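Student: Could you work out the structure for the sequence below:
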Amino acid sequence: MEVERVQYIASNLSKGSETIPSEYIRSEKEQPAITTLHGVMLEVPVIDMRSDGDEENLVRLISEASTEWGIFQVVNHGIPTDVISKLQDVGKQFFELPQEEKEVIAKPAGGSKSIEGYGTTLQKDAEGKKGWVDHLFHILWPPSSVNYRFWPENPPSYREANEEYCSRLRGVSDRLFKYLSLGLGLEENAFKESVGGEELIYLMKINYYPPCPRPDVVLGVPPHTDASSLTILVPNEIQGLQVFKDDYWYDVKYIPNALIVHIGDQIEIVSNGKYKSVLHRTTVNKEKTRMSWPVFLEPPPEKEIGPNRKLVDEEDNGAKYKTKKYKDYIYCKLNKLPQ
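Tutor: Numbering: from 1, shown residues only. Next comes the predicted model:
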């Protein structure tokens, strides 16, 4: 095994030991025990997607949540509970496979630009720290972009469960794009077309956060905003998502069977800053494994994205973001270059 997986590290810790590799221990300015506002569970907006004939109110609620929070949860979204359960079951089964079986679909070594495959955080952050997480990336949609080389063959039902979930999720995302557009007075297809239309890429990521003896000093994923247009995710039952709001980090209260929606950087750009990309991070649990299934709705690499001209007010500093290809935006973000 060329890369030491976090799951392997966690399973080989001595029983009762609280000693973990130093590269996972955060500085005090990032440690959850110090930086979390404890005892307060943040209740982000929960939106019922059954319009009951009042679509105007649904548009208003989603627009307000995207403006003030950058994150919200949707219920009655139309994806059956059993479809989500099957997605979670096959993902859990994959990570419970023997290590050598998971390594069969590991990310290619040696400079590959693709992020697809099984892996661990390979790049340390600015402080040289790593996240307490393993993951699996693969594209769900469109079919022309799917590479089944990175889809687990075991469990056998993995493909069926993921394709069924994606089929349902595409309907939900179309509605979200529509409501986001209408919320700013645009044509209903404005946002979706701005970030790729039917060429929009659905990128699945499964996060696997093993139990950690020192959850007070590590992070699963460090603070970040998503480069995507939207991110739509489901977690398992273990708390871990945190959002930065009003100068504090808060645990986010998860509603069972809800989808958590993150506004990503590209929606903030297209909206000219009216909708906000949410700053978030993840924590881990001392005794239980946390998992999450985010799907990133990403523009095609060559897609040029900038503020919608109807949302640019020349009297209010004009366009707040430069128009650039998505691949160039990603390059700048990964290398911490000015946008």
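Student: and the closest residue to Pro294 other than its chain neighbours, how many neighbours does it have?
Tutor: For Pro294, ignoring the flanking residues on the chain, the nearest one in space by CB to CB, 6 or more residues apart in numbering is Leu233 at 3.7 Å. C-betas here are computed from N, CA, C, even on glycine. As a burial measure, Leu233 scores 17 neighbours (other CB atoms under 10 Å).
Student: Distance check, Leu233 against Pro338.
Tutor: Going from Leu233 to Pro338 by CB to CB, to the nearest Å gives 29 Å.
Student: do Pro210 as well
Tutor: 37 Å.
Student: who has more neighbours, the two?
Tutor: Shown here are Pro210 and Pro338; by other CB under 10 Å, Pro210 has more neighbours (23 against 5).
Student: Show me the shaky parts of the stretch 201-339 of the chain.
Tutor: 314-317 (pLDDT under 70).
Student: burial measure for Ala319, as a count.
Tutor: Neighbour tally, Ala319, other CB under 10 Å: 17.
Student: what's the spacing between it and Gln7?
Tutor: With CB to CB as the criterion, Ala319 and Gln7 are 45 Å apart.
Student: residue boundaries of the strands in the stretch 101-250 of the chain?
Tutor: With DSSP state E, counting those that start in this stretch as the criterion, the stretch 101-250 of the chain has strands at 117-120, 134-141, 201-209, 221-224, 230-235, 241-245, 248-252.
Student: Go ahead and confirm Asn57 touches Ser51.
Tutor: Yes: assessed by CB atoms under 8 Å, Asn57 is found in contact with Ser51 at 7.5 Å.
Student: circling back: TSV for the strands of the stretch 101-250 of the chain, including distance to Ser157?
Tutor: Listed next are the strands of the stretch 101-250 of the chain as TSV, based on distance: least, CB to CB, whole Å:
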stretch	distance to Ser157
strand 117-120	18
strand 134-141	16
strand 201-209	15
strand 221-224	28
strand 230-235	18
strand 241-245	27
strand 248-252	30
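Student: how about these, which one is nearest Leu37?
Tutor: strand 248-252 (4.1 Å; CB to CB).
Student: which residues sit in contact with Asp89?
Tutor: Neighbouring residues of Asp89 by CB atoms under 8 Å, 6 or more residues apart in numbering: Ala161.
Student: which SS class is it?
Tutor: helix (DSSP: H, G, I helix; E, B strand; the rest coil).
Student: That one and Phe95: what is the separation?
Tutor: Distance, Asp89 to Phe95, using CB to CB: 11 Å.
Student: related to what we said a few turns ago, ok, which of the strands of the stretch 101-250 of the chain comes nearest Pro294?
Tutor: Closest to Pro294 of the strands of the stretch 101-250 of the chain is strand 230-235 (CB to CB; 3.7 Å).
Student: Now do the closest one against strand 248-252, angle only.
Tutor: 60 degrees (axes from the mean of the first three to the mean of the last three CA atoms, to 10 degrees).
Student: which element is the closest residue in space to Pro155 that isn't next to it in sequence on?
Tutor: Nearest residue to Pro155 in three dimensions, chain neighbours excluded: Gln93, at 4.5 Å (CB to CB, 6+ apart). Applying DSSP states H and E as the criterion places Gln93 in helix 81-95.
Student: Now do that helix and strand 201-209, the angle between them.
Tutor: Going by the same axes, to 10 degrees, helix 81-95 makes 60 degrees with strand 201-209.
Student: and Glu64, which of the strands of the stretch 101-250 of the chain is closest to it?
Tutor: The minimum distance between Glu64 and these falls on strand 241-245, with 15.0 Å, by CB to CB.
Student: What is the closest one packed up against?
Tutor: When contacts are defined as 3 or more CB pairs under 8 Å, 6 or more residues apart in numbering; DSSP states H and E, strand 241-245 sits against strand 36-42, strand 248-252, strand 280-282.
Student: Helices of the stretch 201-339 of the chain, start to end?
Tutor: 265-270, 326-334 (DSSP state H, counting those that start in this stretch).
Student: Just name the most buried of those.
Tutor: helix 265-270 (a mean of 25; mean count of other CB atoms under 10 Å).
Student: Which neighbouring elements make contact with it?
Tutor: Secondary-structure packing of helix 265-270 (3+ CB pairs under 8 Å, 6+ apart): helix 190-194, strand 304-305, helix 326-334.
Student: Pairing partners for the second one, with directions?
Tutor: So that's strand 304-305. strand 324-325 (antiparallel) (DSSP bridges).
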